[in-house]
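1. Can you look at this prediction? I've put the sequence above it.
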Amino acid sequence: MPPAKPSFGDTLLDRIGARLARGLNAPSAGYAPFTPSDFDTLCRVLRPGDVLLVEGRARISSAIKYLTQSTWSHAALYVGAQPAEAPDAAHHLVEVNLGEGCVTAPLSKYENANTRICRPVGLSADERRAVTGFMMDRIGLNYDLRNIFDLARYFLPTPPVPVRWRRRM
């Protein structure tokens, strides 16, 4: 059975979501990390299965930090050594980014960022491999841009529409 063709409404929402994502992913003006991490130490101590928390500098990062009341706005899973494609190929992350979806990234992407390592406690080596394998299998999946509209509801708690229509929204 062939995949269903998206309706006009679906493609319109996707285009609007993509445009919003580009704007939200733009860097915030004047951002500088308070205390950037020691990158050499970060490279030495990370283990596959660790979650790297990042204080992002995109516009969306400010919103996430505000809504979650946290210093951290982004998380990436460290998956460890991958085939040598880049100078720091032994240090790869898998992350899900607004507008990009599930992608790999070199650890050097966050060399000048404020970061923190979250290490799972009590996982065996096999369980760590299962977690990293699960994420590697999801590379290429798209980010659902319609979630941006849910985020916008936080910033527009009373949308500019007649009261009688708000309940259905």
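-> Structure received.
2. Give me the distance between L52 and C118.
-> 8 Å (C-beta to C-beta, to the nearest Å). Where C-beta positions appear, they are placed from N, C-alpha and C, glycine not excepted.
3. now K109
-> Going from K109 to C118 by C-beta to C-beta gives 18 Å.
4. Could you check which of the two has the larger neighbour count?
-> In this view K109 and C118 are compared by other C-beta atoms under 10 Å, and K109 has more residues nearby, 14 against 11.
5. Could you check how far the closest residue to that one other than its chain neighbours is from E100?
-> In space, and not counting its chain neighbours, K109 is closest to L93: 7.4 Å by C-beta to C-beta, 6 or more residues apart in numbering. Relative to E100, L93 is positioned 13 Å away (C-beta to C-beta).
6. Which parts of the protein are strands?
-> Taking DSSP state E, the strands of the chain run over residues 51-54, 74-80, 92-97, 101-106, 115-118.
7. and the third one, what's its mean pLDDT?
-> Right, the one you point to is strand 92-97. Taken as a whole, strand 92-97 has a mean pLDDT of 90.
8. Show residues contacting that strand.
-> Here strand 92-97 makes contact (C-beta atoms under 8 Å, 6 or more residues apart in numbering) with 25, 52, 74-82, 102-107, 109-110, 132, 135-136, 138-139, 141, 143.
9. can you do 6 Å?
-> Here strand 92-97 makes contact (C-beta atoms under 6 Å, 6 or more residues apart in numbering) with A76, L77, Y78, V79, Q82, C102, T104, A105, M135.
10. Is it correct that the third one is in contact with G49?
-> No. In this structure, Y78 sits apart from G49 without contact. The criterion is C-beta atoms under 6 Å, and the distance is 7.1 Å.
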